[in-house]
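Asker: Please work out how this folds:
(4 chains)
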Protein chains: 2
Amino acid sequence: MTIDPGIVFGALADDTRRTVFVRVAASGQATASELARDLPVTRQAVAKHLSLLASAGLVESERVGRETRFHARGEPLRDAIDWMASVGARWDDRLARLAALADRPG
Amino acid sequence: MTIDPGIVFGALADDTRRTVFVRVAASGQATASELARDLPVTRQAVAKHLSLLASAGLVESERVGRETRFHARGEPLRDAIDWMASVGARWDDRLARLAALADRPG
DNA sequence: TAGGATTGCAACTCCACGGTTGCAGATTAG
DNA sequence: CTAATCTGCAACCGTGGAGTTGCAATCCTA
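Answerer: Prediction:
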């Protein structure tokens, strides 16, 4: 099931949420509480961001004991890139080249 | 001047606005009134979307007589793709390959 | 010059979003 | 067993965004 591009773009539109996503990606594994310690927002705010990122497919959760660990996923990023490249390919040569590379699966 | 990725993602998050952008890109040139004729929203709504797309650098306006014609730009798309690919390159091989291609200018 | 077309600005409504606080349920540690 | 953690749910608030209507200004055309 491929996710609507708008959901992914919306998920990446917010600064805090983008930071959360980058840190999850960088650390491989992270919980809402861990992330909230280094951010200027509440643990619940981070949890909401992670929930929205999950509904966009950008993140996956796994319950381990009393904590919920999150890890990043690349497929929605690739889908969003595909969309952008295919739209821009009509008049932008560099995007056309990216579209050609992005289209071939594997 | 490179535009903040969040602005671009936000601009592409809305369905109607994404449709407007695609139609501007496909037709090469378009005005708010022309676009509104084929869309289920008002001319003013389309104008707002175009204004926001312009502030994200995704579109440029040119006044011709009594009408304002818009055309699409690719640079913000490339910037957004760069951001996505570089973030995902750490754990996703396909995104790493895209990042390698997107990084080399020209 | 009068009229139709095109645009821009302003005010208004509605609601989704980011953030907070408070609390209750589960789970680990001492 | 008890206390400290970690999580999730619900209610609430303020702001901004998407959309509308109405109106004034500008520009082409007959």
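Asker: Quick check: which element contains residue A:63?
Answerer: Residue A:63 belongs to strand A:59-64 when assigned by DSSP states H and E.
Asker: Need the residues that contact that strand.
Answerer: The set of residues external to strand A:59-64 that reach it, using Cβ atoms under 8 Å, 6 or more residues apart in numbering or on different chains, is A:21, A:24, A:50, A:53-54, A:68-73. Backbone N, C-alpha and C define where each C-beta goes, glycine included.
Asker: Close to DNA strand C: what parts of chain A are there?
Answerer: Residues of chain A found near DNA strand C (Cβ under 7 Å from any atom of the strand) are A:10, A:13-14, A:16-17, A:40-42, A:44-45, A:48-49, A:52, A:65-66.
Asker: Where helices are concerned, which of those count?
Answerer: Residues of the residues of chain A next to DNA strand C located in helices (DSSP state H): A:10, A:13, A:16-17, A:44-45, A:48-49, A:52.
Asker: From those, keep the buried residues only.
Answerer: Listed as buried from those are A:10, A:13, A:17, A:45, A:48-49, A:52; burial here means 16 or more other Cβ atoms under 10 Å in any protein chain shown.
Asker: filter the residues you listed by proximity to chain B?
Answerer: A:10, A:13 (Cβ under 8 Å from any Cβ of the partner chain).
Asker: which parts of chain A sit against DNA strand D?
Answerer: For chain A, the residues in contact with DNA strand D (Cβ under 7 Å from any atom of the strand) are A:31-33, A:43-44, A:47, A:61, A:66-68.
Asker: from those residues, which single one is nearest residue B:96?
Answerer: residue A:61 (24.5 Å; Cβ to Cβ).
Asker: what's across from that closest one in the sheet?
Answerer: As for beta bridges, residue A:61 partners with residue A:70 under DSSP bridges.
Asker: Show me how far the strand holding residue A:63 is from its chain's centre.
Answerer: Mean C-alpha position of strand A:59-64 versus that of the full chain (Cα atoms, centre = their mean, to the nearest Å) differs by 14 Å.
Asker: Let me see the mean pLDDT of it.
Answerer: The average pLDDT within strand A:59-64 is 97.
Asker: Please apply the same query to stretch A:71-84.
Answerer: Stretch A:71-84 shows an average pLDDT of 97 in the prediction.
Asker: so is the residue in chain A sticking out farthest from the centre in a helix, a strand, or just coil?
Answerer: Each residue of chain A has a distance to the centre, and by Cα atoms, centre = their mean the biggest one is for residue A:91: 27.3 Å. Per DSSP: H, G, I helix; E, B strand; the rest coil, the secondary structure class of residue A:91 is coil.
Asker: Might you report the residue contacts of it?
Answerer: Counting by Cβ under 8 Å, 6+ apart, residue A:91 has contacts B:25, B:28, B:72, B:74.
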